[in-house]
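# Coordinates for the following, if possible.
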Amino acid sequence: MADLALIIFLIFMALVFDFINGFHDAANSIATVVSTRVLKPQHAVLWAAFFNFIAAFFFETRVASTIGKGVVDPVAITLGVVAAGLFGAIAWNLITWWLGLPSSSSHALIGGLAGAAVVHDGWGILQGGGLLTIAIFIVLSPLIGFLLGFIHMVGVTWIARHSAPAKVDGVFRKLQLASAGAYSLAHGLNDAQKTMGIIMLILFSTGHMTAADLGKHAPWWIILSCHAAIALGTMFGGWRIVKTMGMRLTKLAPVGGFAAETAGAITIIGVSLLGIPVSTTHTITGAIVGVGATHRLSAVRWGLAGTIIWAWVLTIPLSALIAGAVYMVLSPFI
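Numbers count the residues shown, from 1 in each chain. Prediction:
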């Protein structure tokens, strides 16, 4: 058995990543509802954090199982690999937060874990099928978000075409509270489970879980601690990214915020039920761009969108590179 203090430290480190995930991705949950002035920032983060946490009680932990056994071969995982993977993910999250770029915490974690694992045991440690599915949804999730955001915006515009603008604004200010809550529920559902998968890998690699346990519902102490950590991170909010997502990418009214959040929530909950870890960041960005594109293509700041896409492209390789380098440093000691 590995040293208990080291296990506790790595579980704490995983929860720190979860906190930073919530802090980094708070922008995804609240940017639209803040930019449309439906909620004040301090109220929006509390609203989002509440739904991040209660997602723990509504869904199976299928995404956690995918992270636990679908990215790298769990048999070859060591505590050093997990530690380096978490460090790589945390480092990339903090870099992109500082730059105000809405990159994917999920892909940073996957890249970090994969990078450290490859340095540890070669390319054969990677699970090709699981990584292929994740790679496909790197492309599909923002496209689905874009399409649903576009469709939702066209639909609600058509339904409200004969109503006075002031009345439409008032109705959708109320509806956006529900859509923001639904999106935050989806965010907590998919993203908290990624940290659950990492904690389960830590316990498996130290003999506290069996291979069969990785495919089962996560223990409740793991579920509640992960949802609490991501909710706490959301409460602190990543204001640099809120500005990028809700104010600089395109101009949103309450009806647009409702359409984007609803599209993002439907997409993320749907893939989560299939056990697919997707980027909530990519999804909501695609939905926001889809809403903006219903007005005119020039309503979207495509230069900024291009910068965001470059951050997406670089997330997995650079977090993997950081994690691989950290593993080479840590491996003699762990």
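
# now this protein, which segments are flagged as low pLDDT?
Applying pLDDT under 70 to the chain flags the ranges 1-2, 26-29, 101-102, 237-252, 296-308, 311, 334.

# Mind naming the longest helix for it?
Longest helix in the chain, counting residues (DSSP state H): helix 165-205.

# In which helix or strand does the closest residue to residue 228 other than its chain neighbours reside?
The shortest distance from residue 228 to any non-neighbouring residue, by C-beta to C-beta, 6 or more residues apart in numbering, is to residue 53 (6.3 Å). C-betas here are computed from N, CA, C, even on glycine. Using DSSP states H and E, residue 53 falls within helix 41-54.

# for that helix, packing partners?
Under the contact definition 3 or more C-beta pairs under 8 Å, 6 or more residues apart in numbering; DSSP states H and E, helix 41-54 sits against helix 4-35, helix 165-205, helix 220-236.

# what does that helix contact?
Contact with helix 41-54 is made by 22, 26, 29-30, 33-34, 39, 177, 180-182, 184-185, 187-188, 192, 227-228, 230-232, 234-237, 239, 242, as judged by C-beta atoms under 8 Å, 6 or more residues apart in numbering.

# State the number of residues packed around the residue nearest to residue 228.
Counted by other C-beta atoms under 10 Å, the residues lying close to residue 53 total 24.

# Quick check: it vs residue 112, distance?
25 Å (C-beta to C-beta, to the nearest Å).

# sorry, back to before: let me know which of the helices and strands packed on helix 41-54 is the nearest to residue 157.
Relative to residue 157, the nearest member of these by C-beta to C-beta is helix 165-205, separated by 9.0 Å.

# helix/strand/coil for residue 218?
coil (DSSP: H, G, I helix; E, B strand; the rest coil).

# any idea what sits nearest it, other than its immediate chain neighbours?
Using C-beta to C-beta, 6+ apart, the closest residue to residue 218 is residue 61 (4.3 Å).

# Let me see the contact set for that neighbour.
Residue 61 is in contact with 193, 196, 217-218, 223, counting by C-beta under 8 Å, 6+ apart.

# Quickly check these for the two that are furthest apart.
193 and 217 (10.9 Å).

# Looking at the two, which one has more neighbours?
Neighbour count, other C-beta under 10 Å: between residue 193 and residue 217, residue 193 has more, with 31 against 13.

# and that one, what is it in contact with?
61-64, 67, 218, 226, 272, 277.

# Which of these sits closest to residue 12?
Of all the contacts of residue 193, the one sitting nearest residue 12 is residue 226; the distance, using C-beta to C-beta, is 12.2 Å.

# I'd say that closest one and residue 196 touch.
Yes - counting by C-beta atoms under 8 Å, residue 226 does reach residue 196; the two are 5.0 Å apart.

# Between these two, which is the more surrounded one?
Remark: of residue 226 and residue 196, residue 226 carries more neighbours, 30 against 26, as counted by other C-beta under 10 Å.

# in the helix holding residue 53, what counts as buried?
Within helix 41-54, the residues that qualify as buried by neighbour count (16 or more other C-beta atoms under 10 Å) are 44-45, 47-54.

# got the angle for that helix vs helix 4-35?
Using axes from the mean of the first three to the mean of the last three C-alpha atoms, to 10 degrees, the inter-axis angle of helix 41-54 relative to helix 4-35 is 130 degrees.

# Can you give me the separation between the residue nearest to residue 235 when sequence neighbours are not counted and residue 205?
Excluding the flanking residues, the one nearest residue 235 by C-beta to C-beta, 6+ apart is residue 49, at 4.5 Å. For residue 49, the distance to residue 205 equals 31 Å [C-beta to C-beta].

# which ones are touching residue 13?
By C-beta under 8 Å, 6+ apart, residue 13 lies in contact with 83, 86-87.

# Those in helices, which ones?
If you go by DSSP H, the contacts of residue 13 have 83, 86-87 in helices.

# out of those, who's nearest residue 15?
Nearest to residue 15 among those, counting by C-beta to C-beta, is residue 86 at 10.0 Å.

# Touching, that closest one and residue 112? I think so.
Yes - counting by C-beta under 8 Å, residue 86 touches residue 112, with 6.6 Å between them.

# Counting neighbours, go ahead and name the busier of these two.
residue 112 (35 against 26).

# chain center to the helix or strand hosting that one, what's the gap?
Following DSSP H and E, one finds residue 112 within helix 105-121. Offset of helix 105-121 from its chain centre (C-alpha atoms, centre = their mean, to the nearest Å): 16 Å.

# Then stretch 176-190?
Stretch 176-190 sits 12 Å away from the centroid of its parent chain (C-alpha atoms, centre = their mean).
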